Each structure stands twice: as C-alpha cells, then as structure tokens.
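1. take this sequence and fold it.
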Amino acid sequence: MSSTAFRAGMEEARLALLIAQAREERGWTQGELARKAGMKQPEIARIESGEHNPTIETYTKVTVALGKRVTLV
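-> Residues are numbered from 1 along each chain as shown. Have a look, this model is predicted:
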C-alpha cells in the first residue's frame, strides 16, 4: 500500500468518526440522520463503519443535515 493510499484511508476513517460523533452529540439515531439527509439508514451505517466510500455529494448531504460544512483542501 502506498503512503498516498494509506493517508486517503486514514482521512476516510477520520471523516466516518467525525460524522458518527456529530450525530451522537445531537442524540440522533442513524435513522434520524438518514431521514434528515434524504438517505436510508443502511447508507449512514456503511459511512460510519468505513465500509462505504461516499461521494462528495453524499458527504455534503450528511454534513448539511448535521449543520456542518464540507471544506475541501
């Protein structure tokens, strides 16, 4: 595995953790977040577990539902 692939994997894991933490801070279930983001609960579960590599559009839906912003650097 290249260092670039490793860093990308670490960033995805960090984003998954941040999404789960923000959801839990609000006291929401995955189903509640999914409903607010216009998604299905299994999609949220896959994002939070790192099983799914979401698109920027998906991250945007989730972060907007959480009242956060997506910043690309």
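2. which other residues reach the helix or strand of the chain with the lowest mean pLDDT?
-> When the helices and strands of the chain are scored by mean pLDDT, DSSP states H and E, helix 3-25 comes last with a mean of 86. Taking contacts as C-beta atoms under 8 Å, 6 or more residues apart in numbering, the residues outside helix 3-25 that touch it are 30, 32-33, 44, 47-50, 53, 59, 62-63, 66, 68. (Each C-beta comes from the backbone N, C-alpha and C, glycine too.)
3. likewise for stretch 28-36?
-> Contact partners of stretch 28-36, identified using C-beta under 8 Å, 6+ apart, comprise 23, 40-41, 43-45, 48, 62, 65-66.
4. which pair in those spans the largest distance?
-> Lys40 and Leu66 (16.7 Å; C-beta to C-beta).
5. neighbour count for the two, which is higher?
-> Leu66 (19 against 13; other C-beta atoms under 10 Å).
6. quick check on that one: phi, psi?
-> The phi/psi pair for Leu66 (degrees, to the nearest 10) reads phi -80, psi 0.
7. avg pLDDT for stretch 50-67?
-> Taken as a whole, stretch 50-67 has a mean pLDDT of 91.
8. flag every buried residue along it.
-> Neighbour-count burial for stretch 50-67 flags 52, 54, 58-59, 61-63, 65-66 (criterion: 16 or more other C-beta atoms under 10 Å).
9. could I get those as JSON lines with secondary structure?
-> Shown next, in JSON lines, are the buried residues of stretch 50-67 (DSSP: H, G, I helix; E, B strand; the rest coil):
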{"residue": "His52", "secondary structure": "coil"}
{"residue": "Pro54", "secondary structure": "coil"}
{"residue": "Thr58", "secondary structure": "helix"}
{"residue": "Tyr59", "secondary structure": "helix"}
{"residue": "Lys61", "secondary structure": "helix"}
{"residue": "Val62", "secondary structure": "helix"}
{"residue": "Thr63", "secondary structure": "helix"}
{"residue": "Ala65", "secondary structure": "helix"}
{"residue": "Leu66", "secondary structure": "coil"}
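10. export those to CSV and tack on distance to Leu15?
-> Formatted as CSV, those follow (distance: C-beta to C-beta, whole Å):
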residue, distance to Leu15
His52, 11
Pro54, 8
Thr58, 11
Tyr59, 7
Lys61, 13
Val62, 9
Thr63, 9
Ala65, 15
Leu66, 12
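11. sounds good, over and out.
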